[in-house]
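Chemist: show me how the following folds:
(2 chains)
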Amino acid sequence: MIESTRQDLSQKTPLSTLELHFVPLDFVMHWHRCGLAADHFAAHLAYTFDNRAAARDVLATVVNELLENAVKFSSDKSLSASLTVKHYGEWLAIQTKNRTDARRAESLNTLVRDFETHSADALFFTRIESPSGGESSPSGLGLLVLQKDYGVRLTIECAPAADGSVEVFVEALIHTDELENQ
Amino acid sequence: MSPSHVVEHDRESTMIRGVLRLESVDSYDVVFAPARAHLALAGGNYTLDVSGVSLMNSSGIRALANLVLLAKQHGATLVVLGSEAVAWQRKTLASLSALYERVEVRLA
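Modeler: Numbering: from 1, shown residues only, chains lettered A, B, ... in the order given. The predicted structure follows:
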């Protein structure tokens, strides 16, 4: 279902595209700016909704989570990363790209496999009661919350890069009707 | 720049207002230190009022969950005050009560 939606969207031109290109180190030095950037994107997108405040808070949560993850789990914080938000009318696609190492990529791949075999609810409690990997590895708790509580459809892809690192692509798809009615 | 959040403590409660998106779970230690100290006392009672926190990141959710697990470890009681009007509280905060029977999440 999500694959067909992604395929449909790939054939369409977004109504708008917002992009932020950055080196993660810049946000590590001034962490508060993750939130500022997320809030800015959220306010811009929420403006067209009847219930702007509700849409803004949900969007700020989703954008901030993906941006914080891209910053935190970039292995080399001087390599370029990006945040892209595409507005397709019925759907919003929030995407991040960053580079990571094999260990963190494996944590993400484990999460992807877990998503296929467990409910987000069950995984949420498992991850809370048995955290693994410490702060330097993605526990996936934030992504689980997005899926469990905000109706976000997640795609996570890890691909080897030419320099030996791993390129991570994360996409959160949100249906605009659901966003407004949360 | 003004602080994004305000924390007020007394002997048996902490009240937080604002936006809480600190960079790591450990960063929340300062915010939750009095709660942690109190909950580590066997049979202690503590009230955490986050109803005024409009946004919280996943590190904060993890830190809150750790407080619940600490209360469970020591048999303490934790009351968490939240707001139905705030999305993350309505959606995520309520889930924490499933972790331990002596955690009470009250959404007003």
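Chemist: only C-alpha atoms from now on, for both contacts and neighbour counts.
Modeler: Fine.
Chemist: so where's chain A uncertain?
Modeler: A:131-138 (pLDDT under 70).
Chemist: near chain B at all, the longest helix belonging to chain A?
Modeler: Determined from DSSP state H, the single longest helix within chain A is helix A:52-72. Yes. Using CA under 8 Å from any CA of the partner chain, we find that helix A:52-72 touches chain B at A:Ala54, A:Asp57, A:Val58, A:Thr61, A:Asn64, A:Glu65.
Chemist: from chain A, which residue is nearest to chain B?
Modeler: A:Gly142 (4.8 Å; CA to the nearest CA).
Chemist: thinking again about what came up before, what residues of the longest helix of chain A count as buried?
Modeler: A:52, A:54-72 (16 or more other CA atoms under 10 Å in any protein chain shown).
Chemist: number of residues surrounding B:Leu39?
Modeler: 26 (other CA atoms under 10 Å in any protein chain shown).
Chemist: please name the residues that touch it.
Modeler: B:Leu39 is in contact with B:Asn45, B:Tyr46, B:Leu67, B:Leu70, B:Ala71, B:His74, B:Ala76, B:Thr77, B:Leu78, counting by CA atoms under 8 Å, 6 or more residues apart in numbering or on different chains.
Chemist: next one: A:Asn98
Modeler: A:Ala70, A:Val71, A:Ser74, A:Leu79, A:Ser80, A:Ala81, A:Ser82, A:Glu167, A:Val168, A:Phe169.
Chemist: so what strands line up beside the helix or strand hosting it?
Modeler: Taking DSSP states H and E as the definition, one finds A:Asn98 inside strand A:91-100. With DSSP bridges as the test, strand A:91-100 is paired with strand A:81-87 (antiparallel), strand A:166-175 (antiparallel).
Chemist: tell me the angle it makes with helix A:52-72.
Modeler: 20 degrees (axes from the mean of the first three to the mean of the last three CA atoms, to 10 degrees).
Chemist: then strand A:91-100 to CSV, C-alphas only?
Modeler: Taking C-alpha atoms only, strand A:91-100 is exported to CSV below (Å, rounded to 0.1, in the frame of the first residue of the first chain):
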residue,chain,number,x,y,z
TRP,A,91,0.0,13.9,1.1
LEU,A,92,3.1,15.4,2.7
ALA,A,93,6.4,13.7,2.3
ILE,A,94,9.1,14.6,4.8
GLN,A,95,12.5,13.2,3.9
THR,A,96,16.0,13.2,5.3
LYS,A,97,19.3,12.0,3.9
ASN,A,98,22.5,11.6,5.8
ARG,A,99,25.5,9.4,6.0
THR,A,100,26.1,6.9,8.8
